[in-house]
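Q: Model the following, please.
(2 chains)
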Amino acid sequence: MAISSVDKYARQRSLEILRKKFASIAKRILEGKKPVLIMPKRVLSNTIYDMKKKLLLLGPEMKRRSLLDVNEARKFMQTLLMASIIYEALVNDEYPTIRDLYYRGKHTISYRDISGKMHHENTWDEQRESDAVIRDIEVFLGVLREEMLILSKEKGKVVGNLIIKSGDDVIDLSKMGHGAYAIEPTPDLIEFKDIDAEFVLVVEKDAVFQQLHRYGFWKKYKAILITSAGQPDRATRRFVRRLSEELKLPIYILTDADPYGWYIYSVFKIGSITLSYESERLATPDAKFIGVSMTDIFGEEEAAKNINKLTSIFGKEIKDAISKPRKKAYLSEKERRNYIIKAKKKDVERAVELVGYDVADKLISNPEIKKYIRQKKLGVSGYPWFRTPEWIKEISIFFSKLAKLEIEAMASKGLKFLADTYIPTKIETGDWID
Amino acid sequence: MGVMSAVAPAERYRAISPAEFFYKYREIAGFSNPARALYQAVREFVENALDATDSHGILPNIKIIIEKADENREFYRVTVEDNGIGLPPHVVPEAFGRVLFSSKYILRQTRGMFGLGAKVAILYGQMTTGRPVEVITSQPNLRRIYYFKLRIDINKNEPIIIERGSWRKNRDWHGTIVSMTLEGDWSRAKQRIKDYILRTAVVTPYANIVFMTPDGEIYYYERVIDKLPRPPKEVKPHPYGVDLELMKRIRDSGSFSTVKEMLMKSFQGIGSVTALSLLEIAGISPDLSPKSLNDRQLLELVNAMKNYKRFRAPTSEALSPLGEEVIKAGLKRIYEPEFVEAVTRKPSAYQGHPFIVEVGIAFGGKVPLSNDKYPTLLRYANKIPLLYDEGSDVSTAVVKEDISWDQYLVKLPAPIIVLVHICSTKVPFKGVGKESIADVKEIRNEIKLAIQEVARRLRVYLSKKIKEEEKKKRVVSLAKYVPEIVRALTIILGDGQGGKAKLLEEKLVEIVSLRTGLPKDEVYKVVRSVEIGV
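A: Modelled structure (predicted):
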């Protein structure tokens, strides 16, 4: 197997950092000092929204993971165990997946308590646990898992007029037939050879991606078509970021009209809370939310109805943004009746999390839901990047209508409508949220 | 007809001898059936043996032998040997052969009451088996050992000496060996008898006790301390506890010339001044001869004494508490507990009777698990174990109702024993069975205070223990990861540093030990127990 020089370099660098960091732990121990791992805290409270860069970044708070703290001892052990497995994989020129690492490290520790009773404990039980430890090691070392050549399942797909070099192969992404190119876990090793496209359309739903692909959407509109198939993985986010940064292509994100869709967009654009340490590399600040927006479904006059309820929170600024309805709905009254879905309690909860309880409380009229969120979410202040006039306009309709819509519904109105009317119109008229 | 009716009452009220009376009403003394009789006989002789030793400052050596005495019938021979003060030879026939003869008509704390029980046992044995009682005895100052074979003439209430003899002592022996045969039921009595002897052993750590059963088992409780409880002193009765019968007996003794002298010499706490004011209240002239007093006048006097407010509290010199040391040693000897503490309360009194409450608590070790409502209770009255009627005893009420055990960190069921000893010149027993003590306010309160005092010490111990255990648990939760951490670090440090594994482990153990305060070898023990699976 020929190993590319890119790989070799990455390995060497990761190994050195890993060895140096853990050697200092060993040194502390040999000096009789408390064994502690000091690393940035990966929690919501230490996630900072950088208004200027429009990115979610890891804050300055550090946590001390000590072996001598009963609540941290297990994690301390897990961190060292994981580090040793990653170290061995690096040394042996392996490319483990996160699932491999889970299995390699999973074993039983048997011990006797003071009364002599035998106990058995797994180093970790679920992959969720070992995945979290990998993230801890990333922040502890300041080295990303891709740089340690750890792979994950491929999830994102791409087609379009783009020629790339992956490994030693040159691949034309316009010649994938009905299939698509699976975005590899180490997108930094991809080389862009040639491009003939004007924008990138990222679709949340794989099914809609396939429909647009077969319809020939990307050929007709000179687009790179991508799907994240739900929550985007790191590779897809990095790939999109590179298209934006290196090829200067505008990025449009198309998701369901519901709180999950909105969050997917925000992950692409500004980063996620669990991986905020990666935002600088993964987020695409120029990504635009193209739809499906609530105003596309209900029209802007629907949002204007809510305006008076919100001025007490946001003042005049919000009035200017949404008081003048310009846009008419893409759906007729009858189509709305057929396509929209009633929002579930969980959807509402999620939306409250995004925009804040105060907004939800002002807008929701359904007494049962109102009572429910009052019990559950009182005090939730919302994410600052969703408390902008554009998003408040969107989410206010969600709260007053308690309705959501999937992209498939737009396709049901006619694939032609989606591909030739809806998306092009939105792009041409600049009808998006940035 | 008139003559007949005059004669009839005389026949109906024919006098019977005390021996006959007790034989007829033997249930009162606890001889209602063969099982109960065997148990009761052992009790009576063991208690006499202990009274003959520890009350006289002698460290007891007691041997109890029960053996089958007939191949076909359920006859058992009970032999109890002690190293006590022995009996003067001339009183032996009376002591064993006439009911109501006893040395115990004095006011001090003793185990048996008037030595009655032993004679009822002998009577019972005689009636069921026809076999005589054998007694061997000698006193410390005597040069000979005396032997008697006796039976009781029930009708005349007289001893019949079948055989007697004596021989020179060629070693310095004193004590008494009593041997009698009775119809019993060993299989039904054995648990009771074993319990009785075990519980006796708990409060007599200063005694060697050997017990041999008909099943060929030998129980040996070896002496663990040389300290005896303070022997009881004889004291005069306290005026509060007086009643008409006692007053009559004193009057009839004829040993006082005036009523005033009688009061001053027969009771504690009565001097000349008090005697005069009592007699004034009762309206009796101080110089009268006691013999001239009629029952009505005696009653006046009793009432005057009972209502008099200024007596000193009764003296407790007549009482013989076990003492904290004895209780602790006794509980240790039997249960090897991890915690044991005891308290002897100051003397107190109810209705003119002095009493002392003592409490011991043993926890852990070989202490059996209690039930889930209250700790296992060992009840004693005047050093005698009380085995039955636990439910109606005042101590049971206290441990169940007055003490909230979780407040003392005891989570029931728990390996906990509470020993309660009440000693008094008059223990307020409930009923004739003498197996439970009545709920007397003053006694209940003393028991409660005593248990609380010891339980507080138990709480201190348990809270320390809980903390210690938590600390150990904490250490285990850290130390169990040491081998995995050492392994991981050794891998990362690379082959060249592989030799550091041992050093790393040593240092980690040291750090854990230092930070938790648990000794290094304890931490090592956990680390060494770890096996890492693959």
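Q: could I have the lowest-mean-pLDDT helix or strand in chain A exported to PDB, CA atoms only?
A: Using mean pLDDT, DSSP states H and E, the weakest-scoring helix or strand in chain A turns out to be helix A:316-322, at a mean of 70. Extracted C-alpha coordinates of helix A:316-322, given in PDB (Å, rounded to 0.1, in the frame of the first residue of the first chain):
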ATOM      1  CA  LYS A 316     -38.500  49.200  16.500                       C
ATOM      2  CA  GLU A 317     -35.900  47.200  14.700                       C
ATOM      3  CA  ILE A 318     -38.200  44.300  14.300                       C
ATOM      4  CA  LYS A 319     -40.900  46.500  13.000                       C
ATOM      5  CA  ASP A 320     -38.800  47.800  10.200                       C
ATOM      6  CA  ALA A 321     -37.800  44.200   9.200                       C
ATOM      7  CA  ILE A 322     -41.200  42.600   9.000                       C
END
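Q: from the chain's centre, how far out does that helix sit?
A: 30 Å (Cα atoms, centre = their mean, to the nearest Å).
Q: so where's the stretch 251-400 of chain A uncertain?
A: A:321-325, A:377-379 (pLDDT under 70).
Q: Let me see the ranges of the strands in it.
A: Under the criterion DSSP state E, counting those that start in this stretch, strands of the stretch 251-400 of chain A are mapped to A:251-254, A:288-291, A:341-342.
Q: Tell me the buried residues in the helix ranked longest in chain A?
A: As assigned by DSSP state H, the longest helix anywhere in chain A is helix A:5-30. If you call a residue buried by 16 or more other Cβ atoms under 10 Å in any protein chain shown, then helix A:5-30 has these buried ones: A:7, A:10-11, A:14-15, A:17-19, A:21-22, A:25-26, A:29. C-beta here means a position set from N, CA and C on the backbone, and glycine is covered the same way.
Q: which of those come close to chain B?
A: The subset of the buried residues of helix A:5-30 within reach of chain B, by Cβ under 8 Å from any Cβ of the partner chain, is A:Leu18, A:Arg19, A:Phe22, A:Ile25, A:Ala26, A:Ile29.
Q: pretty sure the second one is in contact with A:Tyr87, am I right?
A: Yes. Counting by Cβ atoms under 8 Å, A:Arg19 sits close enough to A:Tyr87 to count as a contact (7.5 Å).
Q: For these two, list the residues in contact with both.
A: Contact with both A:Arg19 and A:Tyr87 is made by residues B:Ile492, according to Cβ atoms under 8 Å, 6 or more residues apart in numbering or on different chains.
Q: what secondary structure does A:Val133 sit in?
A: Three-state assignment for A:Val133 (DSSP: H, G, I helix; E, B strand; the rest coil): helix.
Q: Next: B:Tyr380.
A: Three-state assignment for B:Tyr380 (three-state DSSP): strand.
Q: Could you check how many residues crowd around it?
A: By the criterion of other Cβ atoms under 10 Å in any protein chain shown, B:Tyr380 has 24 neighbours.
Q: Next: B:Phe256.
A: There are 18 residues near B:Phe256, going by other Cβ under 10 Å.
Q: show me where pLDDT drops low in the stretch 51-200 of chain A?
A: For the stretch 51-200 of chain A, no range has pLDDT under 70.
Q: Around chain B, pick out the residues from it.
A: Proximity of the stretch 51-200 of chain A to chain B (Cβ under 8 Å from any Cβ) is limited to residues A:67-68, A:70, A:73-74, A:76-77, A:80-81, A:83-84, A:87-88, A:107-114, A:119, A:121, A:123.
Q: List buried members of the residues you listed by neighbour count.
A: Using 16+ other Cβ under 10 Å as the burial test, those include A:67-68, A:73-74, A:76-77, A:80-81, A:83-84, A:87, A:109, A:111-114, A:123 as buried.
Q: Just confirm A:Leu68 contacts B:Leu508, I think it does.
A: No. Counting by Cβ under 8 Å, A:Leu68 sits too far from B:Leu508 to count as a contact (10.1 Å).
Q: Show me whatever sits in contact with both of the two.
A: The contact sets of A:Leu68 and B:Leu508 overlap at A:Pro35 (Cβ under 8 Å, 6+ apart).
Q: Quick one: residues contacting A:Leu354.
A: A:Pro259, A:Trp262, A:Tyr263, A:Gly382, A:Tyr383, A:Phe386, A:Trp391, A:Ile395.
Q: Go again with 10 Å.
A: A:259, A:262-263, A:266, A:360, A:380, A:382-383, A:385-387, A:391, A:395, A:398 (Cβ atoms under 10 Å, 6 or more residues apart in numbering or on different chains).
Q: Report the central residue of chain A.
A: Nearest to the geometric centre of chain A sits A:Val267, at 3.6 Å (Cα atoms, centre = their mean).
Q: what's the burial count for the nearest residue to A:Arg28 once chain neighbours are set aside?
A: Spatial nearest neighbour of A:Arg28, excluding adjacent residues (Cβ to Cβ, 6 or more residues apart in numbering or on different chains): A:Pro35 at 6.2 Å. Residues within reach of A:Pro35, counting by other Cβ under 10 Å, total 23.
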